[in-house]
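1. Quick one: sequence plus predicted model below, questions after.
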Amino acid sequence: MNIQLRWAKVDSVETGGSDTWNLFYQSNSLATGTQPAWTNVGVNYTFGSNGQMSPLVANVTLNNLTIDGVLLGNVQLVHGSGGITQFADTNGNVQVNLLQQNGYAAGELQSVSVSDKGRIVGSYSNGRTLDLAEITLATFNGTNFLKRVDGGAFEVTDQSGAAIYGTGGKIIGSSLEGSNTDIADEFTKLIVTQQAYSANTRVVTTANDMVQDLLNMLR
């Protein structure tokens with residue numbers, strides 16, 4: 001929930017009074033017509049000729065702060081001893097010299113990585129890391145019955161069954177999966193296939209010789 005603040009100068013030395021400001025917060029961003037959109041904090045901030053607050057307002061408590069119907073409770077604004085000053089010019093601009101916060105400053109996305117839980121993690125310049133997305137893993141009862149489509153994608157078939165989520169291993173970022181082929185088993189199959197091919201070749205050769213002998217006998 002964001003709190004928007006706005007300052008308004010309600011009195012000025014130039015008009016015979018004192019440089020006085022009021023602080024407002026946006027209580028209803030959807031206000032229309034005569035509905036109030038901003039609420040006055042109710043504190044007069046007065047400044048002397050040197051631009052310093054006089055008297056000093058070190059902090060202000062916003063009691064029962066409500067933004068767009070959401071009650072946030074009591075929120076304290078801490079100005080400190082010199083947190084707010086006024087420029088000594090005719091425009092009466094406000095200068096903030098001290099800013100304190102209890103959260104993170106704004107940050108820009110610097111890098112993206114993958115966690116072992118399959119989540120896309122973004123690292124920001126303010127030191128935060130946030131989960132941006134998640135890669136879902138799935139298994140199938142009939143993996144060999146999946147239908148291959150374009151590229152490395154597969155489609156579900158009646159024989160493969162529906163996808164089963166939550167039991168599909170893990171993901172390791174910045175890593176490449178090794179081959180799951182058993183080289184010894186594949187070489188064995190290759191030798192068996194080669195021997196079968198050789199045997200079939202001999203059968204064809206023997207059959208050809210028999211045909212030739214038969215033709216010679218007929219002549």
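-> Right, received. Where do you want to start? Numbering: from 1, shown residues only.

2. For the spatially most central residue of the chain, give its distance to residue 83.
-> Closest to where the C-alpha atoms of the chain average out (Cα atoms, centre = their mean) is residue 132, at 2.4 Å. Distance from residue 132 to residue 83, counting by Cβ to Cβ, to the nearest Å: 36 Å. All C-beta atoms are positioned from the backbone trio N, CA, C, and that covers glycine.

3. Residue 56 now?
-> In terms of Cβ to Cβ, residue 56 sits 10 Å off from residue 83.

4. Just want to know which of these two has more residues nearby.
-> residue 83 (18 against 13; other Cβ atoms under 10 Å).

5. Which secondary structure element of the chain has the lowest mean pLDDT?
-> Across the helices and strands of the chain, the lowest-confidence element by mean pLDDT, DSSP states H and E is strand 94-96, at a mean of 56.

6. ok so, going back, identify the residues contacting the residue nearest to the centre of the chain.
-> 112, 119-122 (Cβ atoms under 8 Å, 6 or more residues apart in numbering).

7. which SS class is it?
-> Counting by DSSP: H, G, I helix; E, B strand; the rest coil, the backbone at residue 132 sits in strand.

8. Would you tell me what helix or strand residue 64 is located in?
-> Take DSSP states H and E as the rule and residue 64 turns out to sit in strand 59-67.

9. surely residue 9 meets residue 20?
-> Yes: here residue 9 reaches residue 20: they are 7.1 Å apart, a contact under Cβ atoms under 8 Å.

10. Whatever helix or strand residue 204 lives in - contacts with which helices or strands?
-> Assessed by DSSP H and E, residue 204 sits inside helix 183-218. Applying 3 or more Cβ pairs under 8 Å, 6 or more residues apart in numbering; DSSP states H and E, we find helix 183-218 packed against no helix or strand.

11. Quick one: distance of that helix to the chain centre.
-> Its chain's average C-alpha position is 62 Å from that of helix 183-218, according to Cα atoms, centre = their mean, to the nearest Å.

12. Sounds good, over and out.
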